[in-house]
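Q: quick one: sequence and predicted model below, then my questions.
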Amino acid sequence: MPAKLIDGKKLSEEILAKVGKRVSKLKQKPVLAVVLVGNSPASQLYVEKKRQACEKVGVQSKLYSFCESVSQEEVVAQVKELNSDKSVNGILVQLPLPKNFDRNTVLEAVSPAKDVDGFSAENLGKLAIGVEEMISCTASGIIKMIESTGTELKGKNCCIVNHSIVVGRPLTMLLLNKNATVSVCHQFTKNLSEFTKNADVLITATGIPGLIKKEMVKEGAIVIDAGIARVGKKVVGDVEFDSVKEIASAITPVPGGAGPMTIACLIENTVKAAENQ
Ligand code: GUN
């Protein structure tokens, strides 16, 4: 039987509707500051989608855009200014940063209370000890999509093909916090299919179109595709959707899966930050 489609767009709209109600109870509109360095069309598109989602639920977004040649010190100084600006509730530094930047130095400059991406050592560290405060938006969006299927994660074999701080690392900890068994794969993993084939829940986010083929997926698995790439004019994920949907029990589409969920979770984190401050 073909897989059930996990509709990330619909789920994200439900989250945004709930978040909108929380916003209406606040005395002041929450404010999200977005720091963008360089002119990558993909980053510009993501930032624009975040701005549109903010507008939809009554969150004010402010863009701090720098050209590629800006120094790391200038960007860190901007982040610090936003930390001490009481009118700003959330700060997001769009990744990737230029190659000459030390990403961790910039991310560490963000005050943990305003770190709506959950990328600071403090927030990632808390997650590692089971305290879930500010969590990576892609990782929490993925958990919400898995849970929307009604699956209990305890004891499930989960395989993540990604080991970044955006997806793989926070997601590993979220899944461990739910007592799942987690294998984390990446570009140096040997025999990837040995791991993917064993997974009750397979999550992939590599940006390599067609990486995950039907033969690599366990029958009845839940398949979450957080990969994104452009093939011609089409936006595609990592999974060979048409064949994999024949054996999976549930699958996310690309686009319309992890993308809108990431944005909804970002807005949710921003409102949470505003409520806490
Ligand atoms: N670049 C790709 N995904 C993300 C994300 O979730 N947050 C930030 N800040 N940058 C990204």
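A: Cool, got the structure.

Q: Ile160: what secondary structure?
A: With DSSP: H, G, I helix; E, B strand; the rest coil as the basis, the three-state label of Ile160 is strand.

Q: since we're on it, how many residues are nearby?
A: 27 (other C-beta atoms under 10 Å). Any C-beta I mention is one placed from the backbone N, CA and C, and that applies to glycine too.

Q: so it touches Gly168, yeah?
A: Yes: between Ile160 and Gly168 there is a contact under C-beta atoms under 8 Å: 5.0 Å.

Q: next, show the common contact partners of these two.
A: Shared contacts of Ile160 and Gly168 (C-beta atoms under 8 Å, 6 or more residues apart in numbering): Val184, Ala205.

Q: contact partners for the one residue in the chain that gets nearest to the ligand?
A: Relative to the ligand, the nearest point of the chain is Leu95 (3.6 Å; C-beta to the nearest ligand atom). Neighbour list for Leu95: Ser43, Arg103, Val166 [criterion: C-beta under 8 Å, 6+ apart].

Q: from those, which land in helices?
A: Ser43, Arg103 (DSSP state H).

Q: which among the contacts of Leu95 end up buried?
A: Ser43, Arg103, Val166 (16 or more other C-beta atoms under 10 Å).

Q: before we move on, the earlier item: nearest to Val19 among the contacts of Leu95?
A: Nearest to Val19 among the contacts of Leu95: Val166, at 21.1 Å, using C-beta to C-beta.

Q: show me what contacts that closest one?
A: Val166 is in contact with Leu95, Asp117, Phe119, Ser136, Thr138, Ala139, Ala205, counting by C-beta under 8 Å, 6+ apart.

Q: can you show me the strands along the stretch 151-277 of the chain?
A: 157-161, 181-185, 201-204, 222-225, 229-231, 234-236, 250-251 (DSSP state E, counting those that start in this stretch).

Q: a markdown table please, covering those and showing mean pLDDT and distance to Ala273.
A: Listed next are those as a markdown table, based on pLDDT from 0 to 100; distance: least, C-beta to C-beta, whole Å:
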| stretch | mean pLDDT | distance to Ala273 |
| --- | --- | --- |
| strand 157-161 | 98 | 26 |
| strand 181-185 | 98 | 28 |
| strand 201-204 | 98 | 26 |
| strand 222-225 | 98 | 26 |
| strand 229-231 | 93 | 31 |
| strand 234-236 | 94 | 30 |
| strand 250-251 | 98 | 31 |
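
Q: reformat the ones you listed as JSON lines; add distance to the ligand.
A: Compiled in JSON lines, the strands of the stretch 151-277 of the chain are given as follows (distance: least, C-beta to the nearest ligand atom, whole Å):
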{"stretch": "strand 157-161", "distance to the ligand": "15"}
{"stretch": "strand 181-185", "distance to the ligand": "18"}
{"stretch": "strand 201-204", "distance to the ligand": "15"}
{"stretch": "strand 222-225", "distance to the ligand": "15"}
{"stretch": "strand 229-231", "distance to the ligand": "13"}
{"stretch": "strand 234-236", "distance to the ligand": "14"}
{"stretch": "strand 250-251", "distance to the ligand": "21"}
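
Q: using JSON lines, lay out these together with distance to Leu16.
A: Putting these into JSON lines (distance: least, C-beta to C-beta, whole Å) gives the following:
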{"stretch": "strand 157-161", "distance to Leu16": "26"}
{"stretch": "strand 181-185", "distance to Leu16": "29"}
{"stretch": "strand 201-204", "distance to Leu16": "23"}
{"stretch": "strand 222-225", "distance to Leu16": "20"}
{"stretch": "strand 229-231", "distance to Leu16": "26"}
{"stretch": "strand 234-236", "distance to Leu16": "21"}
{"stretch": "strand 250-251", "distance to Leu16": "22"}
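
Q: any idea which helix or strand carries the residue of the chain closest to the ligand?
A: Of the helices and strands defined by DSSP states H and E, none includes Leu95.

Q: please list the residues of the stretch 1-150 of the chain that sit near the ligand.
A: Applying C-beta under 6 Å from any ligand atom, we find that the stretch 1-150 of the chain lies next to the ligand at Leu92, Val93, Gln94, Leu95, Asp117, Cys137, Thr138.
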